[in-house]
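*Asks:* Below is the sequence, then the predicted model.
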Amino acid sequence: MDIVTDPDILSAYNQDALGLQGNFEGVFRPSREEEIIEFLGQCAAEGKCVTAQGLRSSLTGASVCDRGYALSLEKMNRIIDIDVKRRRALVQPGVITEDFRKAVAEAGLFYPLDPTSAGECTIGGNVATNASGSGTLKYGSTGDWVRRVRVVDGLGRLVEAGRNASEKHSAGYGALVHPLRLFLGSEGTLGIVTEIEFGLHPQPPESFLVMVFFTGIEDALNFVIEARESRKYSPRSMEFLDEACLEILRPRAEGISIPGEARVMLYFEQEYRDEEDREKRLENWLRLIERYTRLDQDTQVALSDRQKRHLLDLRHHVPQAMNEESARAVRNGGCKISTDWAVPYRRLPELFTYYDSIKDLLGDMLVVRFAHLGEGHPHFNFIARNEMEKQVAEHVDFLLARKAVELGGTVAGEHGIGKMKREHLSLEYPERVIEAMKAIKKVFDPKGILAPGNIFP
């Protein structure tokens, strides 16, 4: 087996998107499933730890580790088949998500998952964290589209898991009716995914994208809640950018006018059947906008793919800029701390109010908030400049996660637990449930070599 140990090459695999550092002694870059089977069997025999990697876009430290080997899936990047008739696709884990979406579109179908980092993350990483995206409000998360997986476990054994197609099922524990769900969000702790079968969707209708500006967050939150409550509106997505985001975007917002009074921009995408349906839906939205913001005259509508792509590229620039800030802060012991909790959308005002009551703890740290607001899933990003500020930011992150669970939510909506959110897991699950998760890990990874430190200490 060809394990790369050249320090110059290895350095790239020892750093993730946040700038967090690992200490791998080598990286293995297989191109075939058989190589992974052999490699994991040997590592199990030798007691060597293995951490899977896609493109290291993780925001939780999941793709780096302080020991063992990195297993990079970058060479397993084939789209094996797109079956148009059955609306199925078979892919390897190293396929870049955006490349997969484009290939599916060229075949006349639609893969709905569109993470913000679609151009810098892989399909396998999406499965490992059950990733979401801007279209999740209408189309669900990665796991809703996975039909079957092939996985090599911690002893080098091949496991194949799929969905039970029966409409009724009462055989065994309900949580395991679809065994493939064990591997969704497992973050490499149960095995290495080598092949994924996805369901696909017919091409969606045309859509328009609307940019709305608010002078305060409360009105924006109430706007989202009413839009979700009424049958008049059925957005594909509802995204939110706060004042700090707008400051990042202003120099780049060519063709988009951001009013000086704006403290929030909310944009949403709406599908429509034909021109008549488009005008009717747009009129309904404009009436709602008039009720919630005095900046209604600054509302802008993007109809062409070019206009929509420009805004989405701008949106992507925000977390990208935050990751760059994080990489700089890591040099002084800091980094970006990003919340990933989600709550029922009706409870968003309570969570934002709670944040206002504790935000003074952060002092003058840079705070940038953007959100998949339609699903009740904001990301509060704190740039901690040193180790002391990092501890404060982690504490605030913990408090917000605890509040989210109190409001009926979850501690992690799409990024997973990794190594940075492990203390949060017990906020959501009783101790015995966590022990059951550990017991499942022991079945698939009895030597404990896979992704040490991810999810569990």
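*Replies:* Yep, that arrived. Numbering: from 1, shown residues only.

*Asks:* those helices in the stretch 151-300 of the chain, which residues are they?
*Replies:* 217-229, 243-249, 275-292 (DSSP state H, counting those that start in this stretch).

*Asks:* Mean neighbour count, those: which tops it?
*Replies:* helix 217-229 (a mean of 20; mean count of other C-beta atoms under 10 Å). Just so you know, the C-beta spots here come from the backbone N, C-alpha and C atoms, and that holds for glycine as well.

*Asks:* Convert the C-alpha atoms of that one to CSV, please.
*Replies:* Extracted as CSV, the C-alpha positions of helix 217-229 are listed here (Å, rounded to 0.1, in the frame of the first residue of the first chain):
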residue,chain,number,x,y,z
ILE,A,217,-34.2,41.5,12.8
GLU,A,218,-37.5,41.1,14.6
ASP,A,219,-39.5,42.1,11.4
ALA,A,220,-37.5,39.7,9.3
LEU,A,221,-38.2,36.8,11.7
ASN,A,222,-41.9,37.5,11.8
PHE,A,223,-41.9,37.8,8.0
VAL,A,224,-40.5,34.3,7.8
ILE,A,225,-42.9,32.9,10.3
GLU,A,226,-45.9,34.2,8.4
ALA,A,227,-44.6,33.0,5.1
ARG,A,228,-44.2,29.5,6.5
GLU,A,229,-47.6,29.5,8.1
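
*Asks:* In terms of secondary structure, what does that helix contact?
*Replies:* strand 206-214, strand 237-242, strand 264-272, helix 275-292, helix 348-358 (3 or more C-beta pairs under 8 Å, 6 or more residues apart in numbering; DSSP states H and E).

*Asks:* Could you rerun that using 10 Å?
*Replies:* strand 206-214, strand 237-242, strand 264-272, helix 275-292, helix 348-358, strand 366-372 (3 or more C-beta pairs under 10 Å, 6 or more residues apart in numbering; DSSP states H and E).

*Asks:* For burial, what's the neighbour tally of the residue nearest to residue 333 when sequence neighbours are not counted?
*Replies:* In this structure, residue 333 finds its nearest non-sequential neighbour in residue 387, 3.6 Å apart by C-beta to C-beta, 6 or more residues apart in numbering. When neighbours are defined as other C-beta atoms under 10 Å, residue 387 has 11 of them.

*Asks:* do you know how far residue 387 is from residue 6?
*Replies:* Note on residue 387: its distance to residue 6, by C-beta to C-beta, to the nearest Å, is 31 Å.

*Asks:* which residues touch residue 407?
*Replies:* 341, 343, 344, 346, 347, 348, 350, 351, 354, 376 (C-beta atoms under 10 Å, 6 or more residues apart in numbering).

*Asks:* for the residues you listed, which one is nearest residue 140?
*Replies:* residue 376 (14.7 Å; C-beta to C-beta).
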